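Student: next one to model:
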Amino acid sequence: MLLQVRNLTRASVLLALGIVLPSLFHLSGIPGQVFLPMHIPALLGGFLLGSGESFLLGVVLPPVNFLVSGMPPFPNFLVMMGELGMYGLASSLFFRRLRWGIVPSLFGAMLLGRVVAIFGYFVLFAILGRGFNVLALLQSLFVVSLPGIAIQLVAVPGLTTLILNREAARNL
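Tutor: Numbering: from 1, shown residues only. Presented below is the predicted three-dimensional model:
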């Protein structure tokens, strides 16, 4: 029972963070595709929640943000649902099931999420009858977003370690 309450509380806080962070970026005029503020809560969910909950958190964040702020725009948020869902699922599976460390789990999740995004945009462009420019997409996912990737590589392991260490200290 306590575990369920803790996970529900964590999921709620991460969902709120996943709405507030992008909103602050949009209000300040800082482009979300550069700093990736929605990615941080989705990735954190994988380390702090179960795989199902973290997947659901990642899937829910883009449409909720679209309803709140109109960003990410339609139909991009559909692809982001798969990308962020994979972040949560993969980081949870790598960290909790395979017992990888935080940083390897984070790298693996970030890579798999981007693979899902590439596939998602390929399918979306095919449905829309638009040309698929894989180089432009790779530039967006790996170059334009370098500041966001750097933030994730610092913030996610740091916050995960802090939260898990505090939890372990409370359980002593």
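
Student: centre of the chain to the edge, which residue is at the far end?
Tutor: Ranked by distance from the centre of the chain (Cα atoms, centre = their mean), the top residue is residue 172, with 31.1 Å.

Student: flag every buried residue along the least confident helix or strand in the chain by mean pLDDT.
Tutor: The weakest-scoring helix or strand in the chain, judged by mean pLDDT, DSSP states H and E, is helix 32-35 (a mean of 86). Residues of helix 32-35 classed as buried under the neighbour-count rule (16 or more other Cβ atoms under 10 Å) are 32, 35. C-beta here means a position set from N, CA and C on the backbone, and glycine is covered the same way.

Student: by contact count, what packs against that helix?
Tutor: helix 2-28, helix 146-170 (3 or more Cβ pairs under 8 Å, 6 or more residues apart in numbering; DSSP states H and E).

Student: now mean neighbour count, mean pLDDT and distance to residue 59 too, for these, in TSV please.
Tutor: Output for those, formatted as TSV (neighbours: other Cβ atoms under 10 Å; pLDDT from 0 to 100; distance: least, Cβ to Cβ, whole Å):
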stretch	mean neighbour count	mean pLDDT	distance to residue 59
helix 2-28	15	90	11
helix 146-170	14	95	19
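
Student: to residue 114, which of those helices lies closest?
Tutor: Proximity to residue 114, assessed across those by Cβ to Cβ, is greatest for helix 146-170 (9.8 Å).

Student: fine by me, we can end here.
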